[in-house]
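Asker: Kindly generate the corresponding structure for this input.
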Amino acid sequence: MNDLTATVFIVDDDPAVLKALARLMRSAGLKAAKFASPQEFLDCHDRNAPGCLVLDVAMPHLNGLEVQQTLTAQGSELPIIFLTGHGDIPMSVQALKQGAVDFLTKPVHDSDLIKAIHDAIEKNRLARQARAKLTELQQRLMTLTPREREVLGHVVSGKKNRQIADDLGLAEKTIKVHRAHLMVKLKAQSLAELVKLAERLEVISSPPD
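Answerer: Down below sits the predicted model:
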């Protein structure tokens, strides 16, 4: 994903602001989609769509923080930039704690907003990339047989082939075969890489810092 494939979703109940922001996006070479109310946005938003959300805070019926909470509950990865003419410090802290990438006060400088949008789009790109990688790893894990999964758990816990064989009541050469198969299926080049993959897949817990 790059800035050309991403969409800047703009939600603001002020038609003049909405029009001005959409014009600014176009002048910056960004694709924009505008919505006059939070509900209109939520009704048609595809949570898998790449981009970011520029969101007003003070709106009737559903405010910006409530939209943020709704998106979070839906598992959305869409980064949010809040725009407000009425924001205060506690509100901005709450928004940022809940994952907003920025909180800008109207009137906002065009350059500040465009920079925040590019940063948000990049954050979304990285999050989508990480999710795709994890999905691929999970698919690899599903190709393992139950016995290979069992051997994997023992291997990444640091046990030698002999120990694993004794634990499972199998021949050591059988463990070697299972180990070789799971290395190939998970595309791991070394034990260290296998351990990292297992941590990402939550086969084992990450070591404490």
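
Asker: how is this protein carved up into domains?
Answerer: Domains of the chain are assigned by automatic domain parsing as 7-135, 143-200.

Asker: So which residues of the chain form strands?
Answerer: Per DSSP state E, the chain carries strands over the ranges 7-11, 31-35, 51-56, 80-84, 102-105.

Asker: right, and those strands - which one's nearest Ser92?
Answerer: Smallest distance to Ser92 across these (CB to CB): 4.1 Å, for strand 102-105. No exception for glycine: its C-beta is placed from N, CA and C like everyone else's.

Asker: on that earlier part again, name the stretch among the strands of the chain that sits most buried.
Answerer: Neighbour counts averaged per stretch over the strands of the chain are highest for strand 51-56, at a mean of 26; criterion: mean count of other CB atoms under 10 Å.

Asker: Give me the below-cutoff pLDDT ranges for the chain.
Answerer: Within the chain, the ranges that satisfy pLDDT under 70 run 1-4, 86-89, 204-209.

Asker: ok, now with 50
Answerer: Applying pLDDT under 50 to the chain flags the ranges 1, 205-209.

Asker: ok, and what's touching stretch 17-31?
Answerer: The contact list for stretch 17-31, computed with CB atoms under 8 Å, 6 or more residues apart in numbering, reads 3-4, 6-8, 10, 12, 32, 34-36, 51, 54, 56, 106, 110, 113-114, 117.

Asker: who's sitting farthest from the centroid in this structure?
Answerer: No residue in the chain sits farther from the centre than Ala171, which is 43.1 Å out by CA atoms, centre = their mean.

Asker: Which parts of this protein are helices?
Answerer: Listed in chain order, the helices of the chain (DSSP state H) span 15-27, 38-44, 64-73, 89-97, 110-141, 146-156, 161-168, 172-186, 191-200.

Asker: Any chance of TSV for these, columns distance to Ile81?
Answerer: Converted to TSV, the helices of the chain look like this (distance: least, CB to CB, whole Å):
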stretch	distance to Ile81
helix 15-27	11
helix 38-44	14
helix 64-73	10
helix 89-97	10
helix 110-141	5
helix 146-156	40
helix 161-168	51
helix 172-186	38
helix 191-200	29
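
Asker: Could you export these as a markdown table, including mean neighbour count?
Answerer: Below are the helices of the chain laid out as a markdown table (neighbours: other CB atoms under 10 Å):
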| stretch | mean neighbour count |
| --- | --- |
| helix 15-27 | 15 |
| helix 38-44 | 15 |
| helix 64-73 | 18 |
| helix 89-97 | 13 |
| helix 110-141 | 15 |
| helix 146-156 | 18 |
| helix 161-168 | 16 |
| helix 172-186 | 16 |
| helix 191-200 | 16 |
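
Asker: With adjacent residues omitted, what lies nearest to the residue farthest from the centre of the chain?
Answerer: Ranked by CB to CB, 6 or more residues apart in numbering and with sequence neighbours excluded, the top spatial neighbour of Ala171 is Ala165, at 6.2 Å.

Asker: Centre-most residue in this protein?
Answerer: For the chain, Ala127 is the residue whose C-alpha lies nearest the centre (CA atoms, centre = their mean; 3.6 Å).
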